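**Q** Next come a sequence and a model predicted from it.
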Amino acid sequence: MQCDLCPRDCRLHEGQRGACFVRQRVGDAMVLTTYGRSSGFCIDPVEKKPLNHFYPGSSILSFGTAGCNLACKFCQNWDISKSREMDTLADQASPEAIAQTAAQSGCKSVAFTYNDPVIFAEYAMDVADACHARGIKTVAVTAGYIHPEPRREFYAKMDAANVDLKAFTDEFYFKLCGARLEPVLDTLVYLRHETDVWFEITTLLIPGRNDSAAEIEAECRWIMKELGPGVPLHFSAFHPDYKMTDIPATPPATLTRARDIALDAGLNYVYTGNVHDEKGGSTYCPGCGAPLILRDWYRIDDYRVTPDGRCPDCGTAIAGRFETFRRAFGPRRIPVAINRAV
């Protein structure tokens, strides 16, 4: 039996699990073995996803499961995504319990994150239904590695996404992620042109692997051509982890250079991440250049976007999802215990 969820196309005999480890053939069915089980729940600032244009300053209930359909040697959540121990999944919760907790905690949205929600799509989609019934938004933090048919079903349940564009060469994807670039680009084009999902892009810059000016320029030109200037792009700093502990951390200057390249290419909203950089973390009006949201890491120090998403100085529309801003949730992370009834 072939699993048709992602481009890995795993063919499984009875009892076998796919490369993601969590999808298993049981008889004539493909079973998600982690349904209803999580590696933990936390309330985060939405900027931590990172999403800078999706109800800035709001709080988001975040959780993941175990396993992943990519094999990134630089994974910074490897203890979760590469876990083969079901004991990792200490917390259990039904979709309704998650939605209820989000509502009681005052969260604007729920994020499927830490490992890729593509591999626990059924669970994520059921949670999304429960959340939407309570007026709570849903967010997928994903590598975008999914086949077209399940992609339509999955993103029909999502309000926003942050998609990891891990590099802009197929060689990088093949050698360091065990995947291919094209399906990820297809997902980005699909999100932009065939859905109303708000999405932002993150590229983790790894010294000597995907941080050359030529590659960054190629990525930014493609984004401009295929997606347009209004899609926010985050350049994030790598730190040594998992199977790439011999690579040094990304210098802040590399992130600044990448941001400058992207802005020169015409992108309106470009950010630096995993560093203290107020200029690189802040949102500016593409019309008059006025600072609109001043950030330092995940902290918002000033907010000037109007409730209908415009610059108060020149009236230029700011891409994203906005509402009346009262106060920011703040940079803290708060662990949450959820009713274990499944």
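**A** Structure's in. What do you need? Numbering: from 1, shown residues only.
**Q** quick one: contacts for residue 311?
**A** Residue 311 is in contact with 285, 287-288, 290, 292, 304-305, 318, counting by CB atoms under 8 Å, 6 or more residues apart in numbering. C-beta: built from backbone N, CA, C; applies to glycine.
**Q** please redo it, this time with the cut-off set to 6 Å
**A** Contact analysis of residue 311 by CB atoms under 6 Å, 6 or more residues apart in numbering lists residue 285.
**Q** From residue 322, how far out is it?
**A** Distance of residue 311 to residue 322, given as CB to CB, to the nearest Å: 11 Å.
**Q** Can I get stretch 230-243 in PDB, CA atoms only?
**A** Extracted in PDB, the C-alpha atoms of stretch 230-243 (Å, rounded to 0.1, in the frame of the first residue of the first chain):
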ATOM      1  CA  GLY A 230       3.700  41.400  -0.300                       C
ATOM      2  CA  VAL A 231       4.700  38.000   1.100                       C
ATOM      3  CA  PRO A 232       6.900  38.500   4.200                       C
ATOM      4  CA  LEU A 233      10.200  36.700   4.100                       C
ATOM      5  CA  HIS A 234      12.100  35.800   7.300                       C
ATOM      6  CA  PHE A 235      15.900  35.100   7.300                       C
ATOM      7  CA  SER A 236      16.600  33.200  10.400                       C
ATOM      8  CA  ALA A 237      19.900  32.400  12.200                       C
ATOM      9  CA  PHE A 238      21.200  28.800  12.400                       C
ATOM     10  CA  HIS A 239      22.800  27.500  15.500                       C
ATOM     11  CA  PRO A 240      24.800  24.200  15.600                       C
ATOM     12  CA  ASP A 241      22.500  21.300  16.300                       C
ATOM     13  CA  TYR A 242      21.600  17.600  15.500                       C
ATOM     14  CA  LYS A 243      24.000  16.300  12.800                       C
END
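**Q** which residues sit against that stretch?
**A** Residues contacting stretch 230-243 (CB under 6 Å, 6+ apart): 50, 52-53, 73, 75-76, 78, 200-206, 247, 249-250, 255, 258, 262, 267-275, 319.
**Q** quick one: buried residues of stretch 285-296?
**A** 285-286, 292-296 (16 or more other CB atoms under 10 Å).
**Q** Between its first and last residues, how far does that stretch reach?
**A** Using CA to CA, to the nearest Å, one end of stretch 285-296 lies 18 Å from the other.
**Q** Residue 58 reaches residue 110, doesn't it?
**A** No - assessed by CB atoms under 6 Å, residue 58 is found out of contact with residue 110, at 11.6 Å.
**Q** The two: which has the busier surroundings?
**A** residue 110 (28 against 21; other CB atoms under 10 Å).
**Q** Quickly note the distance from the more buried one to residue 336.
**A** In terms of CB to CB, residue 110 sits 11 Å off from residue 336.
**Q** Kindly report the same for residue 232.
**A** Counting by CB to CB, the gap from residue 232 to residue 336 is 27 Å.
**Q** So for the two, which sits in the more crowded spot?
**A** Just comparing residue 232 and residue 336: by other CB under 10 Å the higher neighbour count belongs to residue 232, 23 against 19.
**Q** how about residue 111, secondary structure?
**A** Following DSSP: H, G, I helix; E, B strand; the rest coil, residue 111 is assigned to strand.
**Q** For residue 283, give me phi and psi.
**A** With angles defined as degrees, to the nearest 10, residue 283 sits at phi -100, psi 130.
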